Every structure is written in structure tokens, then in C-alpha cells.
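**Q** Sequence and predicted structure, then a few things I'm wondering about:
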Amino acid sequence: MAAEIKPATQSNDKFCTTRKPALLAKLDGCNNDINAAVLIPGEDGVISVSDDKTVRVWLKRDSGQYWPSICQYMPSGATSIYYTVETRQLFIGQENGTVSEFTLASDFNRMMPVREYLAHQARVTQIIFAITCEWVLSVSCDKMFSYNCTQTGRNIGTYTPEAWCTSLEFDNQSKHAFVGDYSGQITMLKLDNNGATVITTLKGHSGSVRSIAWDMERQMLFSGSFDQMVIIWDIGGQQGNAYELQGHHSKVSSLAYLTGSKKLISAGEDSVLVIWDMNQSRHETPEWVESDLCQLCGRPFFWNLRAMMDQRQLGLRQHHCRHCGKAVCERCSAGRLTIPSMGFEFAVRVCDTCHGLLKDKERPSLATFHDAKHPVVAMDLDETSKKIITVGQDRLIKIWDISALM
């Protein structure tokens, strides 16, 4: 069951803002981990999948509470979900690698089975249905990307990266798929009716790429990773530019992009929702310089034995300025500053030179922070109704009104 609730006020200064998501309801009653959930556009409803093998369709009742109108048991754990409002087609990924297609009744009280796709041999991590192509795309822990025709049921093509596939995004116009994997890489594929062709590989994360979002208008890709970082990839600019966003203290688990207001929402296991303003200009972080000596004071680092002998002093540990990338020692980089234009919303190490340049300049934050009050494992957005849902490690689904952010 679920109760309609009133949002509590925040006491933490970090979350103090008049424009914040308003908590509308909590959905509980699942005894196992919830893996994903989606809002039903045009309805006060939610569809969830969980490790207890259930697919639940939650509808809001006259009392204001949400109760399941459907509780469908699958052959194995339900791990991923995709719903298409135009045709009421529902796709469920399972622990055993099968993708199951259903049609929801117009009153959302029945699920009619349509087809089974034996797409994988291990846990399905994400599904996308490309309605214009009539393809169902899926990625899995069996290190495979696969896409099948929903009209014939036949497999069209596959691609096998070097690591588990963990996330997926698709551009309907250009028919490009983006596959994130456990090693931190994102593979860009061109799809057609003859199979998948590798276009390029994006390398920037040091941890598993858990979520990907796409701005079709500006052709920008967003990726969130277990390395606690979000990266903006400027695909349309064709210059190889990438911008880092660092606003989380734990794994980034989910992303959602607001096309109307050009804002990116990132959620993580630190229980924080970060709203990033994508209308602001940003700068790439510099490459870190490698040096045998501190580039400010000239003292040697600990591996530079010759300089240590010549200067008759112990070697120092190497650090890097986040603003200019210079290799510096601890003494020459004692300052800490936020650099929002480079994505650093928390204070980071800067060298003494950059500290002097930046400390008196205005550096307004380009993001707002909101307490979700549970570690988020998945998120879904319905921009029309101005709502998002967060799925937590506490086995709760929370529905938020984000109209203040749009």
C-alpha cells in the first residue's frame, strides 16, 4: 500500500532551496529488492519489477493511496522494464535472460502475454523499445547487446563488449545505440536491419556505467557511473569534448533529462538528487601533467632519486591542481575551492597560483541538491505530468512533483 504524505522541511543547509521536488507519495509492500519502476503517462500509476519475480501495476485510489491492480509472477526475478504509452506495450527483462512482451489492458487490470524473446543467457540489465523501428533492444550481464524485431520475433543483431553490459540508450532519429559496460566504457553502435556496426568507444569513467541519458536536440550524451561522476559527451560537436560533473559522494545510479528546461537529474546511493543546469557554459577539466618535480617550488617527488640526492631532501608525494592540471606538492596546493564551471560542486585541491586567481571571483553553483532520504537505485521521469519516481535500496518507491524545477 502507499500513503499520500506532506513533504518535510529540510534542516541541512546543503539542501536549503525554495525550488525543490515535493514528495507526493510512498509505495511500499515489496518484500524483496525493487530493481526498477516506471510512471504510467496520463495515469496516476506506477509499474514496478522486483527480485520476488513480480511485476506490479500500482494505481492511485480515491483514498489517495496506491494499491496494486496487477501482481504478475514471472518465471524468474524481474530485473528491468520498459513501457510504451502509445501502444500499452510492456517489456520485462528477467534474471534468466528472457525478455517478455505484454500488452496492458486499457483499465490496467490485466497483462496479456504477447511474445518471449530468448535474447540473453544472464540477467537483463536494461530494455528499450524503439517503436518507430519496432525493435526491442536489451543488454545483459552475459556481455551482450541484442536487438529483436517485435513483428517477427527474430534476432536482428548482437554485439559483445569486453565486460558486462550495464546501461543502454538509443537515438531514434539516427538509429545509434549507446551501450555502457562494467569496465566504464560506452560503445556507440549504428543499427540497421542487417546488424550492428561499432562507430566508436567513449572512455572516461573508472567505474561501471550505471545509467545513460540522451539529449536528442543538442546531441549530447550523459553517463552516470559508480566512480561517483557524471560525464557530458558532446557527440554532436564532433570535437571529442567531454565535461565532468562531480556532485555525488557515492555511486551515481540513475539519470533523467528534462528536455524542456534543459536540466539533468542525477540520483545516487548517497540519497541525493542533483539537478544540473545544462544551459550554462562549462569547461573541460585539464589533463593531469606528470612531472618529476613540483612545478611550483621545484622540490622532487619521491621517485626522483637523483634530484633527492642533489637537493639532499626527502621526496614528496605528487598531487594535481584540478584547475590547471599542474603536478604540485602538498605545500603548494593547500587551498581548496569549488569550481562549478568545471563541474566541481564540492571544494577540490587547487595550486597556490590558481587559488590566488579564483578565490575572489564569483563562482555560483550550477546545480541544486535535494535529499531523497533513501539510497536511489533507479529513477524514471514523466515530463508531461512533472513527476519523477525514485526506487530505493529500502524497497520503497517515492513519487515526486518536480514542477518547481521546470
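**A** Thanks, I have it.

**Q** Could you break this structure into its assigned domains?
**A** Taking automatic domain parsing as the reference, the chain has its domains at 2-7+15-283+369-405, 284-365.

**Q** From the chain's centroid, how far away is the first one?
**A** Put simply, domain 2-7+15-283+369-405 sits 8 Å off its chain's centre (Cα atoms, centre = their mean, to the nearest Å).

**Q** Okay, and residue 287 sits in which element?
**A** Secondary structure assigned from DSSP states H and E places residue 287 in neither a helix nor a strand.

**Q** So which residues of the protein form helices?
**A** 305-311, 352-358 (DSSP state H).

**Q** got the CA positions of the last one in PDB?
**A** This points to helix 352-358. As requested, C-alpha coordinates have been extracted for helix 352-358 and formatted as PDB (Å, rounded to 0.1, in the frame of the first residue of the first chain):
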ATOM      1  CA  ASP A 352      48.600  28.300  -4.800                       C
ATOM      2  CA  THR A 353      48.600  30.100  -8.100                       C
ATOM      3  CA  CYS A 354      45.100  29.100  -9.100                       C
ATOM      4  CA  HIS A 355      43.900  29.700  -5.600                       C
ATOM      5  CA  GLY A 356      45.000  33.300  -5.800                       C
ATOM      6  CA  LEU A 357      43.300  33.700  -9.200                       C
ATOM      7  CA  LEU A 358      40.000  32.100  -8.200                       C
END
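
**Q** what residues does it touch?
**A** Contact with helix 352-358 is made by 296, 321, 323, 324, 332, 333, 334, 335, 337, 339, 350, as judged by Cβ atoms under 8 Å, 6 or more residues apart in numbering. To be clear about C-beta, it is placed using only N, CA and C from the backbone, and glycine gets the same treatment.

**Q** And it, what's buried?
**A** Residues 352, 353, 354, 355 are the ones in helix 352-358 that count as buried (16 or more other Cβ atoms under 10 Å).

**Q** which among the residues you listed gets closest to residue 42?
**A** residue 354 (51.1 Å; Cβ to Cβ).

**Q** The closest residue to that closest one other than its chain neighbours and residue 369, how far apart?
**A** Nearest non-adjacent residue to residue 354, counting by Cβ to Cβ, 6 or more residues apart in numbering: residue 323, 4.1 Å away. Taken as Cβ to Cβ, to the nearest Å, the spacing of residue 323 relative to residue 369 amounts to 22 Å.

**Q** what do you get for residue 101?
**A** Taken as Cβ to Cβ, the spacing of residue 101 relative to residue 369 amounts to 39 Å.

**Q** Same question for residue 126.
**A** In this structure, residue 126 and residue 369 are 26 Å apart, going by Cβ to Cβ.

**Q** repeat for residue 118
**A** As defined by Cβ to Cβ, residue 118 lies at a distance of 43 Å from residue 369.

**Q** about what we covered before: least confident of the helices of the chain, on average?
**A** Of all the helices of the chain, the segment with the smallest mean pLDDT is helix 305-311, scoring a mean of 63.

**Q** Kindly provide the whole-number mean pLDDT of stretch 226-245.
**A** Stretch 226-245 shows a mean pLDDT of 89 in the predicted model.

**Q** burial count for residue 42?
**A** Taking other Cβ atoms under 10 Å as the criterion, the count of residues near residue 42 is 10.

**Q** cool, and residue 329?
**A** Once other Cβ under 10 Å is used to define contacts, residue 329 is seen to have 22 neighbours.

**Q** Over to residue 202?
**A** Here the neighbour count serves as a burial measure; for residue 202 (other Cβ under 10 Å) it reads 20.

**Q** Isn't it up against residue 189?
**A** No - in this structure residue 202 lies outside contact range of residue 189 using Cβ atoms under 8 Å: 11.8 Å.

**Q** before we move on, the earlier item: neighbour count: residue 126 and residue 369, which is higher?
**A** residue 126 (25 against 19).

**Q** Look up how far residue 101 lies from that one.
**A** Plainly put, residue 126 is 16 Å away from residue 101 if you go by Cβ to Cβ.

**Q** Distance of residue 300 relative to residue 320?
**A** To residue 320, residue 300 is 16 Å away according to Cβ to Cβ.

**Q** ditto for residue 207
**A** From residue 207 across to residue 320, the span is 19 Å (Cβ to Cβ).

**Q** Between those two, point out the one with more neighbours.
**A** residue 320 (22 against 16).

**Q** what's near enough to touch the residue lying closest to that one once chain neighbours are set aside?
**A** What sits nearest to residue 320 in space, not counting adjacent residues and going by Cβ to Cβ, 6+ apart, is residue 288, at 4.5 Å. Applying Cβ under 8 Å, 6+ apart, we find residue 288 in contact with 320, 325, 327.

**Q** State the number of residues packed around the last one.
**A** Counted by other Cβ under 10 Å, the residues lying close to residue 327 total 21.

**Q** which ones are touching the nearest residue to it once chain neighbours are set aside?
**A** Beyond its immediate neighbours in the sequence, the residue positioned closest to residue 327 (Cβ to Cβ, 6+ apart) is residue 291, lying 4.0 Å away. Taking Cβ under 8 Å, 6+ apart as the definition of contact, the neighbours of residue 291 are 301, 318, 326, 327.

**Q** do you know how far the closest residue to the second one other than its chain neighbours is from residue 391?
**A** In space, and not counting its chain neighbours, residue 318 is closest to residue 301: 4.7 Å by Cβ to Cβ, 6+ apart. If you measure residue 301 against residue 391 using Cβ to Cβ, the figure is 46 Å.
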